[in-house]
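>>> Sequence first, then the predicted structure, then my questions.
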Amino acid sequence: MMELWTSPTPNGWKVSIMLEELIEAGVDIGDVQVRMINLLKGDQFKDDFVERNLNSKIPTLRDDGRDIIESCAILEYLGEKFPTSLLPLDTRKWDVLPWVYWQAANVGPIFGNKLSYTRYMDDVADELKQHPLERFNNEALRLVSVLNKKLGDNPWVCGDEFTIADIALYPWLRGWKWSKVNITTKPRVMEWVDRVRARPGVERGLGYGVPKSEVDQWSEERKASTAKSGASIASNTNIKDSIQ
Ligand SMILES: N[C@@H](CCC(=O)N[C@@H](CS)C(=O)NCC(=O)O)C(=O)O
């Protein structure tokens, strides 16, 4: 049985959406044991987590006695294990994988940092945040512009088929209001966000760890606890404590 340790966050949603899209594609993925990791409580630093993922970050997947870390590697693993159009396994995979890696190397880190400086660093002086905020905002906007061009007139990032490139990118783009990255000048990206959200597999994948009623609009309580997690992750304390 596959075991997924995750949280309702952009990197976590990639994998929950993938599982639900596989089910939607008619694949029998078997039972999956999902454990929600409390990032605010620091579950990611506990021994049982670190044994699965030395990097102390969700998501992490255990299957067939092997631990797979990194959300995009998990997407690729599941795409290979359960062949569907989500990841073509012939040479067409080279139309898809570079955009998955583009997400992992660019969109994730840049949007993640923009979000941290925008929302989670209240105790850092404004003048100290100004340069990184501008830097990460400009780079995020540049990436959105690249995505807009890549989409062109296609419905999905890599053409006519919905693939793991869409799954990797969507969770970061869907949070544009929260991270305050203005995507409204890029209509193709806006339309694509809505198109992805309308998929039943995506709807279910976004619901892991949150009640159905909160998939699009979190309760004030959940927002406050997520903001606290974000602030504790954004502080330098955890990083310093983890250096050994
Ligand atoms: N590159 C990693 C990033 C994973 C990541 O940053 N996960 C965040 C949640 S979205 C996390 O676990 N943060 C906990 C921490 O930094 O302590 C991936 O794609 O899996």
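That came through, no problem. Residues are numbered from 1 along each chain as shown.
>>> can you pull the contacts of the residue lying closest to residue 59 once chain neighbours are set aside?
In space, and not counting its chain neighbours, residue 59 is closest to residue 6: 4.1 Å by CB to CB, 6 or more residues apart in numbering. To be clear about C-beta, it is placed using only N, CA and C from the backbone, and glycine gets the same treatment. Residue 6 sits next to 12, 15-16, 34-37, 58-60, 208-209 when contact means CB atoms under 8 Å, 6 or more residues apart in numbering.
>>> same for the ligand: which of those residues are within range?
Contacts with the ligand are made by 58-59 out of the contacts of residue 6, judged by CB under 6 Å from any ligand atom.
>>> Make CSV from the contacts of residue 6 and add neighbour count and pLDDT to it.
Shown next, in CSV, are these (neighbours: other CB atoms under 10 Å; pLDDT from 0 to 100):
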residue, neighbour count, pLDDT
12, 26, 98
15, 29, 98
16, 26, 98
34, 16, 98
35, 15, 98
36, 16, 98
37, 23, 97
58, 24, 98
59, 24, 98
60, 27, 98
208, 20, 97
209, 19, 94
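>>> and of the contacts of residue 6, the nearest to the ligand?
residue 58 (4.2 Å; CB to the nearest ligand atom).
>>> Roughly how far does the residue nearest to residue 59 sit from the ligand?
Distance of residue 6 to the ligand, given as CB to the nearest ligand atom, to the nearest Å: 9 Å.
>>> what does residue 23 give?
In terms of CB to the nearest ligand atom, residue 23 sits 22 Å off from the ligand.
>>> Could you shift the numbering so residue one becomes 317, and keep it that way?
Yes, from this point I'll number from 317; that puts the last item at residue 339.
>>> Which of the contacts of residue 322 fall in strands?
350-352, 376 (DSSP state E).
>>> Can you convert these into TSV and add a column each for distance to residue 470?
Shown next, in TSV, are the ones in strands among the contacts of residue 322 (distance: CB to CB, whole Å):
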residue	distance to residue 470
350	32
351	37
352	35
376	32
